[in-house]
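# Quick one: sequence plus predicted model below, questions after.
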Amino acid sequence: MIGVLIATHGKMAEGMLDSAELIIGKQDNCKVLSLCHGDSIELFGESIRKAIIDLSQGDGVLVFTDLFSASPYNQVAISYPHLKGYKYRSITGVNLPMLIEALSARMSSDELDIITESAIKVGREGIREFFSELKKKKII
């Protein structure tokens, strides 16, 4: 089974997994890491590497981070030389639709690249504006 790691600022990762599990049920082979005020960035990076290694069961690991070029994302990038023997992908800008897509898709597929692309697509499509949607449906 593809592993899932959610690494974010503050407790966002915990909240996202909690919300996803409320909707689709308890998840196995999934971890969250929270970078909080005063935490060591070096230790956070070590935690990311350890989590990817621990979650690796042969099919790969999908890593979600919150902001492009911010600390969680950067620590995943910096970890690359240490994880060359591991299969993983990293998506930044995590949102609940993409997380639910990835968690659901991994139940029926072990194709990391396909699940990654599907999660990105669903994440983008999940961003909508209420009145624009009403106009598309010719309600207003």
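Done, it's in.

# Secondary structure element holding the residue nearest the centre of the chain?
Residue closest to the mean C-alpha point of the chain, counted by CA atoms, centre = their mean, is residue 64 at 2.4 Å. Residue 64 is located in strand 61-65, with elements delineated by DSSP states H and E.

# quick revisit: just checking, the residue nearest to the centre of the chain touches residue 88?
No: using CB atoms under 8 Å, residue 64 makes no contact with residue 88, being 11.2 Å away. C-beta coordinates here come from the backbone N, C-alpha and C atoms, glycine included.

# which residue ranges form the strands in the chain?
Along the chain, counting by DSSP state E, strands occupy 3-9, 30-35, 61-65, 88-92.

# which one of the ones you listed is the most hemmed in?
Comparing the strands of the chain by mean neighbour count (mean count of other CB atoms under 10 Å), strand 61-65 comes out on top with a mean of 27.

# Check which helices and strands that one is in contact with.
When contacts are defined as 3 or more CB pairs under 8 Å, 6 or more residues apart in numbering; DSSP states H and E, strand 61-65 packs onto strand 3-9, helix 41-55, helix 71-79, strand 88-92, helix 96-105, helix 112-125.

# now the angle from it to helix 112-125?
30 degrees (axes from the mean of the first three to the mean of the last three CA atoms, to 10 degrees).

# If you average the pLDDT over strand 61-65, what comes out?
Averaged over strand 61-65, pLDDT sits at 98.

# Alpha carbons of that strand, in PDB - could you do that?
Provided in PDB are the C-alpha atoms of strand 61-65 (Å, rounded to 0.1, in the frame of the first residue of the first chain):
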ATOM      1  CA  VAL A  61       5.100   7.200  -0.400                       C
ATOM      2  CA  LEU A  62       3.100  10.300  -1.300                       C
ATOM      3  CA  VAL A  63       4.100  13.300   0.700                       C
ATOM      4  CA  PHE A  64       1.800  16.300   1.000                       C
ATOM      5  CA  THR A  65       3.100  19.700   2.200                       C
END
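
# Residues in contact with that strand: which ones?
2-8, 13, 16, 48, 52, 55, 72-73, 76, 86-92, 94, 98-99, 102, 106, 112, 115-116, 119 (CB atoms under 8 Å, 6 or more residues apart in numbering).

# how far does stretch 79-91 sit from the chain's center?
Counting by CA atoms, centre = their mean, to the nearest Å, stretch 79-91 is centred 14 Å from the centre of its parent chain.
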